[in-house]
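J.: Got a predicted structure plus its sequence, pasted below:
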Amino acid sequence: ERRMTVFHLFTMTAGLNYDCGNEAIVRGRQETDGRSPTVELMKYIAQIPLEFEPGASWNYSLCHDVLAAVVEVVSGMRFGEFVKTRILDPMGMTNTTFLLPEEEVPSLAAQYRFNGKEFENVGRRIQTYKLGSEYESGGAGAISTVDDYIRFLEGLRTGRLLGGEALTLMTRDHLREEQRKDC
C-alpha cells in the first residue's frame, strides 16, 4: 500500500530482506551468466515479496544494494567507479575495491559467521554477498584494508567527504520506537 522511498532504503525500513539465495536472485544470476550487474539484478530483487510495508518495521537487508543501483542510474556510472572517483581516489584509498581479483582472495582475513550458537570460521572466500562478477553491493561489497579505512574515517572526521549537515543527518537516529524493536 505504501511506496518504498529512498529514505526507507537508507534506514533499512523498506521491507526487503537479505535472502541472497532467494529463487528470484538465483534466476537473475543464471540469466546473466553469473555476471549479475548491479542494476540488472534489481529487476529480480523487485520480484521478491516484501517482508512488511515500507516504513512499518526495520530489517537488515539489501536496501543499500538497491541504493547502489540508484547511484548507478542517477550518476550514469557503475557504483564502484562512482565510489572510486568520489571517495577512494580523493582519500588515497588505493587498496579498496568491490571486485577483488580471484588471485587476491588468499590475502583476505578469515571471515566468521554466527550460526545461532557460536561464531564459526568460514574461511577467506567472499561469502554470500558476492552475487556475481559484476555485482557491486552497496551494503556488503567493499573489501578494504585497515589503512584505507582509517583514511575514510579521517575524511569523515575532517569534512573532506561530507559536509557537517550531511554527516549530522547520517548519524542521527531515524527509527521510530516500533521500528527499533526489530533491531
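T.: Great, that's in hand. Residues are numbered from 1 along each chain as shown.

J.: Pull the contacting residues for Asn95.
T.: 144-145, 147-148 (Cβ atoms under 8 Å, 6 or more residues apart in numbering). (Glycine included, C-beta is placed from N, CA and C.)

J.: separation between it and Lys117?
T.: 34 Å (Cβ to Cβ, to the nearest Å).

J.: Just the buried residues out of the contacts of Asn95, in ChimeraX syntax.
T.: Selection of buried members from the contacts of Asn95 for ChimeraX, criterion 16 or more other Cβ atoms under 10 Å:
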select :148
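
J.: Max pairwise distance over the contacts of Asn95: which two?
T.: Greatest spacing in the contacts of Asn95, by Cβ to Cβ: Ser144 and Asp147 (8.7 Å).

J.: Show me where this structure has its strands.
T.: Assigned by DSSP state E, the strands in the chain fall at 111-114, 119-123.

J.: weakest of those in terms of mean pLDDT?
T.: Note on the strands of the chain: strand 111-114 shows the lowest mean pLDDT, a mean of 84.

J.: Can I get stretch 141-151 in CSV, CA atoms only?
T.: Extracted C-alpha coordinates of stretch 141-151, given in CSV (Å, rounded to 0.1, in the frame of the first residue of the first chain):
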residue,chain,number,x,y,z
GLY,A,141,30.6,-5.3,-1.0
ALA,A,142,33.6,-3.2,-0.2
ILE,A,143,36.8,-5.0,0.6
SER,A,144,39.5,-2.9,2.2
THR,A,145,42.5,-2.6,4.4
VAL,A,146,42.8,-1.0,7.9
ASP,A,147,44.9,1.8,6.5
ASP,A,148,42.3,2.6,3.8
TYR,A,149,39.5,2.5,6.4
ILE,A,150,41.4,5.0,8.6
ARG,A,151,41.7,7.3,5.5
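
J.: How about residues contacting that stretch?
T.: 65, 68, 83, 88, 91-98, 100, 108, 126, 129-130, 135, 152.

J.: Are any of these buried, and if so which?
T.: So, by 16+ other Cβ under 10 Å, the buried ones in the contacts of stretch 141-151 are 65, 68, 83, 88, 91, 93, 95-98, 100, 126, 130, 135, 152.
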